[in-house]
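Trainee: next comes the sequence, and after it the predicted model I'd like to discuss.
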Amino acid sequence: MFSAHRTILGLAIAGFVGVSGISPAHAADGSELTLYRSDDASLYASSGDGNIDGGYAVVREQRALMLTAGTHDVVIGDLPTSLDAEALALGFPGGDAKVLSQRLLLAQGQSAALTGLTGHTVEVLGSSGQPLASGTLLRAGDGLLIRDSAGNTTLVTSYAGVRTTGTDFPSGSSLSLRIDASRSGSANAVLSYPTSGLGWRAAYVAILQPGNTCRMQFESHASIANRSGRDWKDSKLTLIAGEPNFAKASAPRPMMMKAARVMASAEAMPEQSTLADYRSYTLPGAIDLPDGSVSQVPLYATRTMDCERTALFESGNSYQPPQPVLNEDLNQDSGNAIISTLKLRAFDSLPAGYLRVLTADKNGTPQFIGEGRINDTPKGSDASITLGTAFDLRAERTRTHFSVDKAGRTLDEAFRIVVSNAGDSPRTVTVREHPNRWRQWTLASSSIKPSQQTTDTLEFKLEVPANGKATLDYAVHYSWTANDQPQ
């Protein structure tokens, strides 16, 4: 029962002026929803504070309409609170009727829940529970407009509650339609519309396996958020991965969140296919999406796969200046922190989402060690995330030589990097350097052979013993032409 407070009581009884009256159209379970990926954090937040302007879905649902031959009005209720009114479309596959006009009744303010009852049979109650009016709810706003079985209407502006039969209390917006029907009786209609308040993103969990090699158990789910203002029952879902362009923005109302995980066997995985420039995942079974919830469904079966962990010390970046930089103060970054990273190769197309990484402690309990975002990753491509700062590793970087020969148009520079390991196990640390004084350079010398060398990057693998140190010395020689000579 819905309760509200009104200060004025007014009962107006008159014949309802309409074309042929208003007939309700009830929502049918088994809607088809196409959800697009959204990274809007408010959709997945555990609290409902503030407005939510995120998520996008296209809904196709069956509606059973009771028609009367000729022109008359029909109300379709229980629509989301935030949808694209300009993209609403209703069709009759059997050709029983056609839509002459339509009007969206928005769910706003205190009457938002009552708007979803438009077209339903209700009983309006007074403060002591006494009935004030009963019949079909025609309008909810500044008072309730009720039509009884005799065709008369009652405007109730002060009431304590509204009661309706059935287990569900519809909510959201309503659609008022003027329809020209060829015959009387029940007819099936298909209603489609885009709405916000619905979205999804990938959620990955990697549990690192014990041992010297990097192996992990990899779980992949889709997190599906519903803040559309209504429940969805027994719905067929298709998830779209990719980034279509959206020209409009909408703002669904915030709701408190509930959490649920939809379990599925390894055999019941989504069917994946190509959709234009995007990727689609059609879920194998119908699921429920309660309003104000975040549900999880499997994307791929859990598997064990190889990975690569790296302890990275990086200085500078790959920026290239428009002319040689002769200022000695460049590249003075002494460094300190060493970053732990994780890289994996996509066994299939991985939609964008967040990867949480766990590893077992000495008691065998999985513990969180880092989280990062994975972008859309095609099959066979690499995905990398930063886990955090390595606690037991440190690096010190100092310049050991610098000289410039302007007449000869050359510059020589050398560095020493000392990596210390306070841990009880030996570690391999990747040192990544960027010779970025000028694009023409050569590696003049190094105490360790580089593991990788590109036009703007040098990488070295340092084996650092437990409770020990390792040292890298290297020198770079730059040269340029007269046309490139700095002024």
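Mentor: In hand now; what should we look at? Note that the structure is a prediction, hence the values are computed from the model and not measured.

Trainee: what sits against residue 404?
Mentor: 326, 410-411 (C-beta atoms under 8 Å, 6 or more residues apart in numbering). All C-beta atoms are positioned from the backbone trio N, CA, C, and that covers glycine.

Trainee: where's the dip in pLDDT among these?
Mentor: Here the lowest pLDDT out of the contacts of residue 404 sits on residue 326, with 93.

Trainee: if you look at the contacts of residue 404, which of them are in strands?
Mentor: 410-411 (DSSP state E).

Trainee: and the contacts of residue 404, which of them are buried?
Mentor: 326, 411 (16 or more other C-beta atoms under 10 Å).

Trainee: distance to residue 362 added to the contacts of residue 404, as TSV?
Mentor: What follows is the contacts of residue 404, written out as TSV (distance: C-beta to C-beta, whole Å):
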residue	distance to residue 362
326	53
410	55
411	51
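
Trainee: among the contacts of residue 404, which one sits closest to residue 305?
Mentor: Ranked by distance to residue 305 (C-beta to C-beta), these are led by residue 411 at 45.5 Å.

Trainee: tell me the residue furthest from the middle of the protein?
Mentor: residue 407 (58.0 Å; C-alpha atoms, centre = their mean).

Trainee: pLDDT value on that one, please?
Mentor: For residue 407, the predicted pLDDT is 93.

Trainee: are we agreed that it is in a helix?
Mentor: No: counting by DSSP: H, G, I helix; E, B strand; the rest coil, residue 407 falls outside a helix, being coil.

Trainee: out of the contacts of residue 404, which is nearest to residue 481?
Mentor: residue 410 (11.4 Å).

Trainee: dump the residue contacts of the closest residue to the closest one other than its chain neighbours.
Mentor: Distances taken as C-beta to C-beta, 6 or more residues apart in numbering place residue 479 nearest to residue 410, at 5.0 Å, with adjacent residues excluded. By C-beta under 8 Å, 6+ apart, residue 479 lies in contact with 409-411, 438, 440-441.

Trainee: give me the low-pLDDT residue ranges for the stretch 201-350 of the chain?
Mentor: 246-267, 332-335 (pLDDT under 70).

Trainee: so where do the strands sit in it?
Mentor: Secondary structure of the stretch 201-350 of the chain (DSSP state E, counting those that start in this stretch): strands located at 215-226, 232-241, 258-261, 271-275, 278-282, 287-289, 293-306, 308-315, 339-345.

Trainee: I'd like those strands as TSV, with distance to residue 399 and mean neighbour count appended.
Mentor: Below are the strands of the stretch 201-350 of the chain laid out as TSV (distance: least, C-beta to C-beta, whole Å; neighbours: other C-beta atoms under 10 Å):
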stretch	distance to residue 399	mean neighbour count
strand 215-226	39	22
strand 232-241	47	20
strand 258-261	53	12
strand 271-275	52	12
strand 278-282	48	18
strand 287-289	59	19
strand 293-306	38	17
strand 308-315	11	19
strand 339-345	22	18
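
Trainee: wait, doesn't residue 463 sit right on residue 428?
Mentor: Yes: using C-beta atoms under 8 Å, residue 463 is in contact with residue 428, at 5.8 Å.

Trainee: residue 219: which of the contacts of residue 404 is nearest?
Mentor: Looking across those and measuring by C-beta to C-beta, the closest to residue 219 is residue 411, at 51.1 Å.

Trainee: okay, the contacts of residue 479 in TSV with distance to residue 153 next?
Mentor: Putting the contacts of residue 479 into TSV (distance: C-beta to C-beta, whole Å) gives the following:
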residue	distance to residue 153
409	93
410	94
411	90
438	84
440	87
441	86
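
Trainee: quick one: which of those residues is nearest residue 403?
Mentor: residue 411 (7.2 Å).

Trainee: not counting its neighbours along the chain, what's nearest the closest one?
Mentor: residue 478 (4.2 Å).

Trainee: what's the separation between that neighbour and residue 321?
Mentor: 11 Å (C-beta to C-beta, to the nearest Å).

Trainee: where do the contact lists of these two overlap?
Mentor: Both residue 478 and residue 321 are contacted by 437-438, under the criterion C-beta under 8 Å, 6+ apart.

Trainee: who's more crowded, those two?
Mentor: The neighbour comparison of residue 478 against residue 321 (other C-beta atoms under 10 Å) goes to residue 478, with 21 against 12.

Trainee: give the buried residues for the helix or strand harbouring that one.
Mentor: Using DSSP states H and E, residue 478 sits within strand 468-479. Of all the residues in strand 468-479, those buried under the rule 16+ other C-beta under 10 Å are 470, 472, 474-479.
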